[in-house]
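Colleague: Turn this into a structure:
(2 chains)
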Amino acid sequence: MTTDTSQRSITASVSRDEDGSPLPLPRVLRLFGSLGGAAAWLVVIAGALGILLPFAWMLGVAFRTNADLYADPARIVPDQWTLHGVRAVLDQLPFTQLIVNTFVFAGGTTLLLLLFDSMTAFALARLRFRGQNVIFLLILATLMVPFQITLVPVFLTLFHLGWLNSYQGLILPRATSALGIFLLRQSFRQLPRELDEAARIDGAGSFTVYWRIILPNSKPILATLFIIQFAALWNDFLWPLVISSLTRMQTLPAALTLFSSQSGVDHAALMAGAAISLTPLALAFLLLQRFFVQGVATTGLK
Amino acid sequence: MAVLHPPPARAGRPPRRRRWRFNSAYLFIAPSLVLIAVFIAEPIVQSGWMSLHDWTIGSSDNPFVGLGNYTALWHDSRFWNALRVTVVYTAAVTVGQVVLGLAIAARLRRTTWYSSLLRTAYFFPYIASLVVVGVIWKFLLDPQVGLINAWLSDLGVSSPPNWLQSTSLALPTVIAVGLWKNVGFTMIVLLAGMQQVPADLYEAATLDGAGPWRRFLHVTLPALRPSLLFTSLIATVTGLQLFDLVFAMTGGGPIFSTESVVMYLYQKGFVEFDMGYASAIAWVLFVIILAVSAVQLRVARYRDDD
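Modeller: Have a look, this model is predicted:
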C-alpha cells in the first residue's frame, strides 16, 4: 500500500535537498526563472499569508479590548494591549479543569493505546499462536467501519455502566486502535529475527523480548504514533461532546465550541481560549515537525 | 493485499496427545482484543440490531420495525438534503485539495529554507482542531467584528455578504474553510511522493526535449498516482463524515443549508434520542463510504493496468 512508501520518503522531503530537474541557471535566476515563475511564487507566498491570517487575527483579538475591536475591526494588531481576554476566559469557563481534562484524555488514551497496540502487534509479528491470522484479519476489518456506527451503542453501554462523564468512559473505549496495531506490526516485522533469537538463547521470555528488545528498537515509530494519536485526541470533538455533557468533564474543543455559541459572547475571551487550546500542539508541531509530517503522511491523522 | 502473508510453515503436525500448553501470546493480545470486542465488534452488531427497532431512550419498549427506519429514511427529505450537502462538500473539498495541493507541492518541491517555511505555513492549520478553527472563522466572517467584511468595506464593497447567515453562501463558505484547513495535508503527501521520483527520469525526459510542463505531465503525475489515490481517499472518507466544522460554524443552518449526514445523525441520536433512526443513518453512511472508496480504488487500479 501507499503507506510504506510515503513513510520512508517523507523524512527526505523535510531534511534532504532534492533536485529533480536540473536547470543550468545561477541561483537567483533559478528562483525567479521567468516572470511567470515570479508570479507563481507571489501567489504561493500570498496563499501562505492567507493561511496564517486567521491565527494572527485570533491572537490580535485575544489581546485587545472589545471596544477597540468594534471601533476598528479591520486592524489585526491591537491598539492597546490587554490581558482582559485571558482573564475573562479563565473566569467564565473552568479553564484549568478543561486543560487537565484534555491532557488526561489525550495523554492517558495515547499511553494506554501505545501499550496495548504494541503488545498486540508484538504477538502478531513475533510470536506464533492459534488463530493468529484470523485475529489479524478481524482487526483489519474493523478499520473500515466508521466511528459513527459504534457511537450510539457505546454511548448506551457507557450509560448503563454509569461511565458517562468519567475519565474511564472517555479513555477506555478509545484505548486501542486497529490502525496503530497494523502500523506497529508492519514496523516490528522489519526488525531482524536474530535480536529475538539471541535474547531467547540467553534465557529471555516473551515479555523480556517485547520490553527490552522490540520496544527500544522501535522508538521512531512509537514517537510518531504518540504524536499523531495525541494530536488527534487533543482535537477530538464528537466523542468527548457525546460522552461528557457536564462542563467539568468536558475537553477544550467541546467547551470552547459550546461557549462560542452563547449569545453575546466575549470575543476576547473566546479567542484567548482558542489561542490557549491551540498552543500545546502548535509548540509540539514546531519542535517535532518531522514526526508530525511523517505520521500524517502515513495515517492522515484521524 | 500486501499485508497478507502465508502462515509460517510448520514442521509436521504436532502430536495429537500433547497436553495443551498455555501460550503467552494470548496475554499480549488480550487487552486490545477485549477492548475491540466490547467497544467495536459488539457495538457494530448492536448498531445493526438497533437500526431495525424503534429505539428511543427512556421509552419502556423498543418494538421491532424491520426495515422501517430505512424506508422512513428513504422518504425523509431532511436526510436527502443532508446527503446532498455532504456530497457537495466532499466533492468540492476533495477536488480542490488535490488540485491546489498539487500546485503548491510542485512549486515547493525543492528543499530550501524559504520553501520549508512556506510548507510549514501551509501545513499548520492541519494540526489545529477543526472546531477551534471553525470558531475562529465564524468570527472572522462576522458582519460586525469580522476582519473579512471590514476589509471588504474598506475596499469599497457597499454591502459585504453575510457569509454564514445566507442559505446560498453558507455551504460554499464552509467548503472554503475546509479547503483552507486541509490543503496542507495533500501538499505534504504529494511532496513525499515527489521525492520518490528518480532524478534520472527527469534527466531522460529533458534529453528528449521535454520542457518543465511536459516533465510534470509525463513524469511527475504518473509517479504520483499512489499518493494522489491516498490523499483523495482520505479526503473523501473524512469529507463524508463532515461534522465538526459545521457544528462550530453554522450548527447546520441557516434552514438546514449546511446540515451534513453526521450532523443529522447527532441531532437524531443525541438530541432527540431516537437511537434506532440514528443507527440507520450510520449504516447508510457506512455503505456510502464503502461504495465510494471501492469506486476510487477501482478507478485507480483500472488506470494502472493500461
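Colleague: Can you give the domain ranges for chain A?
Modeller: Residue ranges of the domains in chain A are recorded as A:28-82, A:90-299, according to automatic domain parsing.
Colleague: which stretch among those domains comes nearest residue B:141?
Modeller: Proximity to residue B:141, assessed across the domains of chain A by C-beta to C-beta, is greatest for domain A:28-82 (10.0 Å). No exception for glycine: its C-beta is placed from N, CA and C like everyone else's.
Colleague: what's the distance between that closest one and the middle of its chain?
Modeller: Relative to the centre of its chain, domain A:28-82 is centred 26 Å away, using C-alpha atoms, centre = their mean, to the nearest Å.
Colleague: Give me the buried positions along the longest helix along chain A.
Modeller: Using DSSP state H to assign secondary structure, the helix with the most residues in chain A is helix A:35-62. Residues of helix A:35-62 classed as buried under the neighbour-count rule (16 or more other C-beta atoms under 10 Å in any protein chain shown) are A:40-41, A:44, A:47-48, A:51, A:54-55, A:57-62.
Colleague: Quick check: the farthest pair among those?
Modeller: Greatest spatial distance among these (C-beta to C-beta): A:40 and A:62, at 34.4 Å.
Colleague: got the contact list for residue B:290?
Modeller: By C-beta atoms under 8 Å, 6 or more residues apart in numbering or on different chains, the contact set of residue B:290 is residue A:144.
Colleague: where does it land in three-state SS?
Modeller: Judged by DSSP: H, G, I helix; E, B strand; the rest coil, the three-state class of residue B:290 is helix.
Colleague: Next one: it from residue A:253, what distance?
Modeller: Distance from residue B:290 to residue A:253, counting by C-beta to C-beta, to the nearest Å: 28 Å.
Colleague: for residue A:90, same thing?
Modeller: As for residue A:90, its distance to residue A:253 is 18 Å (criterion: C-beta to C-beta).
Colleague: Please apply the same query to residue B:221.
Modeller: Using C-beta to C-beta, which is the criterion applied here, residue B:221 is 37 Å from residue A:253.
Colleague: neighbour count winner among these two?
Modeller: Here residue B:221 and residue A:253 are set side by side on neighbour count (other C-beta atoms under 10 Å in any protein chain shown), and the busier one is residue A:253, at 27 against 13.
Colleague: Helix or strand for the more buried one, just tell me which one.
Modeller: Counting by DSSP states H and E, the element that carries residue A:253 is helix A:252-260.
Colleague: how far out from the middle of the chain is that helix?
Modeller: The gap between where helix A:252-260 is centred and where its chain is centred comes out at 18 Å by C-alpha atoms, centre = their mean.
Colleague: hmm, it in reach of chain B?
Modeller: Yes: residues of helix A:252-260 contacting chain B under C-beta under 8 Å from any C-beta of the partner chain: A:252, A:253, A:254, A:256, A:257, A:260.
Colleague: Tell me which residues touch residue A:285, please.
Modeller: Contact analysis of residue A:285 by C-beta under 8 Å, 6+ apart lists A:292, B:124, B:127.
Colleague: repeat that for 7 Å
Modeller: Neighbour list for residue A:285: A:292, B:127 [criterion: C-beta atoms under 7 Å, 6 or more residues apart in numbering or on different chains].
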